[in-house]
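J.: Would you be able to build a 3D model of this:
(one chain, ligands or ions: 1)
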Amino acid sequence: MSTSHLYRDTAVVLRTYKLGEADRIVVLLTAENGKVRAVAKGVRKTMSRFGARLEPMSHVRLLLYRGRELDIVSQAESVEPLAPMLATLDRASQGMAVLEAADQLALEREPNEQLYRMVIGVLRTIADRPSPLVIPAFYWKLLAAEGLGPELDRCVRCGEDGSLVAFDLAEGGALCGNCRSGVALSAGALALLRAILGGRLNEALAAPESPATHEVTVLATKALEHHLERRLRAVAMFER
Ligand SMILES: [Zn+2]
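T.: Modelled structure (predicted):
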């Protein structure tokens with residue numbers, strides 16, 4: 001293989017699966033090449049030169065050969081030990097939620113450095129300072145980065161800037177008492193949403209667990225699912 005097919009990148013390992021007896025396919029979210037699937041040869045042998053560097057949540061610097069379908073990992077070194085810091089069950093499940101969302105949003109070989117930086121940032125936050133709103137805030141920020149941030153300042157239907165009491169995913173934001181549809185939205189949850197999406201993330205992350213953080217969590221999960229389903233339908237139509 002010629003050296004022109006060699007490239008360097010940094011990546012987070014999103015997931016891995018077995019290939020044959022000794023190899024593994026690693027699905028990577030790279031900084032410069034979007035989502036990349038690559039073969040790590042011999043990774044399941046005990047003396048593998050990659051060791052545990054290619055496990056989900058690993059943050060690695062890589063040398064890869066570009067293949068036609070799958071790339072090949074030639075070298076892998078650790079950038080920072082994120083995976084061990086996320087080793088408690090609670091943090092690991094939060095980390096897996098991050099990887100899953102990133103895996104669903106990232107496109108193969110489509111550079112998305114913002115997504116890569118957001119994923120690294122949220123994994124570090126989970127490792128450093130756990131908070132009930134880390135994952136929901138990440139979801140909301142992912143949606144905002146895709147241009148799908150919700151309207152939170154005035155009623156999304158009539159434009160009234162009085163009190164907002166409901167949230168409708170299909171409408172894309174909060175609603176006043178006259179227009180209410182979707183689900184009820186408490187003043188506390190609205191304040192947290194405004195903090196997350198209004199540049200006051202630390203304030204939101206400091207909030208203790210409460211019915212309002214629960215509301216924001218449920219809404220965030222539904223909003224991300226809503227977006228992914230719509231995108232899947234759009235892709236299906238496009239491919240028909
Ligand atoms: Zn209204």
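J.: drop to CA atoms for contacts and neighbour counts, all remaining ones
T.: Fine.
J.: okay, the residue in the chain sticking out farthest from the centre: pLDDT?
T.: For the chain, the residue at maximal distance from the C-alpha centroid (C-alpha atoms, centre = their mean) is N178, at 35.1 Å. Note on N178: pLDDT of 97.
J.: How about A101?
T.: 95.
J.: in the helix or strand containing it, what's buried?
T.: Using DSSP states H and E, A101 maps to helix 89-105. Using 16 or more other C-alpha atoms under 10 Å as the test for burial, helix 89-105 gives R91, A92, Q94, G95, M96, V98, L99, A101, A102, D103, L105.
J.: got a markdown table for the residues you listed, with distance to N112 too?
T.: Listed next are these as a markdown table, based on distance: C-alpha to C-alpha, whole Å:
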| residue | distance to N112 |
| --- | --- |
| R91 | 25 |
| A92 | 24 |
| Q94 | 22 |
| G95 | 19 |
| M96 | 20 |
| V98 | 16 |
| L99 | 15 |
| A101 | 14 |
| A102 | 11 |
| D103 | 12 |
| L105 | 10 |
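J.: circling back: give the next helix or strand downstream of the helix holding A101.
T.: Moving toward the C-terminus from helix 89-105, the next element (DSSP H and E) is helix 113-128.
J.: Follow the chain on from that next one and name the next helix or strand.
T.: helix 134-145.
J.: Buried residues, that following helix. List them.
T.: For helix 134-145, using 16+ other C-alpha under 10 Å, the buried residues are V134, I135, P136, A137, F138, Y139, W140, K141, L142, L143.
J.: So the next helix or strand after that helix, near the ion or not?
T.: For helix 134-145, the following helix or strand on the C-terminal side (DSSP H and E) is strand 164-168. No - figure legend: strand 164-168 not in contact with the ion (C-alpha under 5 Å from the ion); closest approach 8.1 Å.
J.: in its sheet, what does strand 164-168 sit against?
T.: strand 173-176 (antiparallel), strand 183-184 (antiparallel) (DSSP bridges).
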